[in-house]
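Student: sequence plus the predicted model coming up.
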There are 2 protein chains.
Amino acid sequence: MNNFTYCTPTRYVFGRDTESQTGQLVRQYLGAPSRVMIVIGGGSVRRSGLLDRVIASLEASGISHIILEGINPNPTDDRVYEGIDICRREGITAILAVGGGSVIDTAKAIALGVPYDGDFWDFYAGKLPAEVALPVGVVLTIPAAGSEGSGNSVITRLDGLHKISLRSDFALRPKFAVMNPVLTFTLPPFQTASGIADMMAHIMERYFSPTPSVEVTDRLAEGLLKAIMNEAPKVMARPDDYEARANIMWAGTMAHNGICGCGRVEDWVSHFMEHELSAVYGVTHGAGLAVVFPAYLRFMADELPWKVAQWSRRVMGVDVAGDDSAVAHEGVRRLRAFFTSIGLPVTLGELGISDPDFPLLVRKLHEDKGEIIGGYRRLNAADTDRIYRLMLS
Amino acid sequence: MNNFTYCTPTRYVFGRDTESQTGQLVRQYLGAPSRVMIVIGGGSVRRSGLLDRVIASLEASGISHIILEGINPNPTDDRVYEGIDICRREGITAILAVGGGSVIDTAKAIALGVPYDGDFWDFYAGKLPAEVALPVGVVLTIPAAGSEGSGNSVITRLDGLHKISLRSDFALRPKFAVMNPVLTFTLPPFQTASGIADMMAHIMERYFSPTPSVEVTDRLAEGLLKAIMNEAPKVMARPDDYEARANIMWAGTMAHNGICGCGRVEDWVSHFMEHELSAVYGVTHGAGLAVVFPAYLRFMADELPWKVAQWSRRVMGVDVAGDDSAVAHEGVRRLRAFFTSIGLPVTLGELGISDPDFPLLVRKLHEDKGEIIGGYRRLNAADTDRIYRLMLS
């Protein structure tokens, strides 16, 4: 086990009707502002009435607001620049994200940009560490990205379509996250399933690690994966199953708040490879991961099977004869079958990419992330080219 | 799943040599005091040289100190009063606990008492909620109580020998916890094993719950229990096995920082019953739990077996034919065998209590905790009397 520092200061307020506490939470944990910027997505939070309830709660606490609306999936830097300008002009000191990962990630980027004199992209480009940001609160509507409890934010730079993930364990963690599972009842099946793939990927990116002897962190990760795979068929079959929705929502937070990474090197190759698919082809992130991760694991089942075999045995219930490689391949087959069973694609064709430009994907990947990438096994461009091509079938 | 609020703001600084960061952590997270009170136990931190290293780190950060020394296991209110007096007299505004649960719990009680005009015991007696306290930092030497990450403190009132646990999720959580597994290499085997029983009990007190559909929280708890049972034989066999010590240390924190309780009613009967054994007979808390918990579970295997059976199947690997009750009893047999294998007692006789005063224990238990106790199944004095008597064999 490696040395580590771990701190998750986000206050999770979980359960039915918890959005009615938003005003009070903003007052208590976002520095008692008289006015906040609310960041939202495409309008479903308006149609559902959630936005009205949140605004009523803010107003009951004497807090007014302005709204930054229409944040899209795979959120882009143009909206961040716009949000930073508005906050500065209006003297906004606290941001409330009402939505899923794209909305929260945009809110975090704005929060980082406002107190910084230069271009906010400097942080995403790795020019300097993210240390100071406006406080951000969250009302979560999509369990997937885990951004409500993480120190991460992923933004796409329109110039060149670079989708970059920033991690700053302390500056970017939301101060609170309101999590009402009822708000997720209306998620379409494809978005629900994509969220499930995303949270599983967040766990597995940490699980596939070269660091030995991380039994506690391994067992927590395995438990979360088993819980998600147990609850997933329930939410797909009955979208208003409160208990199953609640478990999926809580799992999504635990998947990405860092608890599955303590004490070890993490991997993140599958996310990196998917970010290029999203940036170039505009696919849904979670669905892209359902294609990328099995391909990555098939590669590893041949190249470095030990941890894939452990995962196959402990999580996927593989109990077949054979060496680690055979056990690993059987686990991946079961993972693909699971993704298929909840309606996700597992090949590029199923994802809607019929004629993938592998050289472009590989070139952008290594341009963005470096010549050699990956924690579990170091990968060069020849390796990632092979992995991309495994996604064909 | 029940509604819940969860926040763990403690900063864990984990790994080799991390105690050298203590001064810097005190400055950053305990309000930059010029002087702290260091609370320690019986002197092993002096003999090992740890105290010198901590003091050197404080001094390098320009922080002086006074020491409150000789805190005993099952810590008592007299030392808390003494500590409060000294802090007030000396103008101390931050406390550093260097030790295990007894030292940390005493530090927390002092931290709570200093800014309060009345008797600190008012909080433990439930007269008012604990909301304001001096900031506490921890250098952990014993993985067991989980106090380094919890909002709990257990103090024994000498007048009447009432051992009372206070929980205040926010005021009492340490600001940071330095956790170097090397510091635990020298723990005697019995203390190591008792710590293991204590952390397992912290998980199981939360696991045995009447709340249905808590799959995520269940799976996290099961994973932690499996990890502990996997690592325990290693630390018993080789006390300087860094990796195993590290896993046990981290598990002890996760066991009690609340993550295994999210969304459900907790139990805590076994702790309550053990606190009476400790208060009356002065036994080691973890060893007492190794006697109490199996008796409690044998009672439940007859009276309310469903969750005990789930635990038997998922954690203890029980795969025998039979109804839930039979499966549950087999799980308990395996738990007793596990405790025995690491040198712990599983009967009152083995614990050194040859002639237990059951009426006294039952009377004090219900005096301290109420007529009806327990979360998983509500228990009256006749029930707890039965459970105490099951500890005879």
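Tutor: That came in fine, so what should we check first? Residues are numbered from 1 along each chain as shown, chains lettered A, B, ... in the order given.

Student: lowest confidence element among the helices and strands of chain A?
Tutor: Least confident element among the helices and strands of chain A, by mean pLDDT, DSSP states H and E: strand A:162-167 (a mean of 89).

Student: against B:Pro239, how distant is the residue lying closest to A:Ser354 once chain neighbours are set aside?
Tutor: Spatial nearest neighbour of A:Ser354, chain neighbours left out: A:Leu348 (7.8 Å); criterion: Cβ to Cβ, 6 or more residues apart in numbering or on different chains. (Each C-beta comes from the backbone N, C-alpha and C, glycine too.) In this view, A:Leu348 and B:Pro239 are 53 Å apart by Cβ to Cβ, to the nearest Å.

Student: again, but for A:Cys7
Tutor: Counting by Cβ to Cβ - A:Cys7 and B:Pro239 are separated by 29 Å.

Student: now do A:Val139
Tutor: Here the criterion is Cβ to Cβ. By it, A:Val139 lies 49 Å from B:Pro239.

Student: same question for A:Pro233.
Tutor: 46 Å.

Student: of those two, who's got more company?
Tutor: Remark: of A:Pro233 and B:Pro239, B:Pro239 carries more neighbours, 16 against 13, as counted by other Cβ atoms under 10 Å in any protein chain shown.

Student: that one contacts B:Thr186, doesn't it?
Tutor: Yes. Counting by Cβ atoms under 8 Å, B:Thr186 is a contact partner of B:Pro239 at 7.5 Å.

Student: what's the helix or strand for the nearest residue to A:Leu289 once chain neighbours are set aside?
Tutor: Nearest residue to A:Leu289, sequence neighbours excluded (Cβ to Cβ, 6+ apart): A:Ala201, at 4.3 Å. In the assignment (DSSP states H and E), A:Ala201 maps to helix A:189-207.

Student: which neighbouring elements make contact with the following helix or strand past that helix?
Tutor: Next helix or strand after helix A:189-207 toward the C-terminus (DSSP H and E): helix A:215-237. The contact analysis (3 or more Cβ pairs under 8 Å, 6 or more residues apart in numbering or on different chains; DSSP states H and E) places helix A:215-237 against helix A:189-207, helix A:242-256, helix A:306-314, helix A:324-341, helix B:215-237, helix B:242-254.

Student: what about A:Met229, how many residues close to it?
Tutor: By other Cβ under 10 Å, the residues close to A:Met229 number 19.

Student: tell me how far it lies from A:Arg245.
Tutor: Taking Cβ to Cβ as the measure, A:Met229 falls 15 Å from A:Arg245.

Student: ok, now A:Ile387?
Tutor: Distance from A:Ile387 to A:Arg245, by Cβ to Cβ: 33 Å.

Student: that older thread, between the helices and strands packed on helix A:215-237, which one is nearest to A:Gln28?
Tutor: Smallest distance to A:Gln28 across the helices and strands packed on helix A:215-237 (Cβ to Cβ): 20.1 Å, for helix A:242-256.

Student: what packs against the closest one?
Tutor: On a contact count with 3+ Cβ pairs under 8 Å, 6+ apart, helix A:242-256 meets strand A:4-14, strand A:176-179, helix A:189-207, helix A:215-237, helix B:215-237.

Student: how far away from the center of its chain is the third one?
Tutor: Helix A:189-207 sits 8 Å away from the centroid of its parent chain (Cα atoms, centre = their mean, to the nearest Å).

Student: and what of the fourth one?
Tutor: Centroid separation for helix A:215-237 versus its chain: 16 Å, with Cα atoms, centre = their mean.

Student: strands of the stretch 51-200 of chain A, residue ranges please.
Tutor: Assigned by DSSP state E, counting those that start in this stretch, the strands in the stretch 51-200 of chain A fall at A:64-68, A:95-99, A:136-140, A:152-157, A:162-167, A:176-179.
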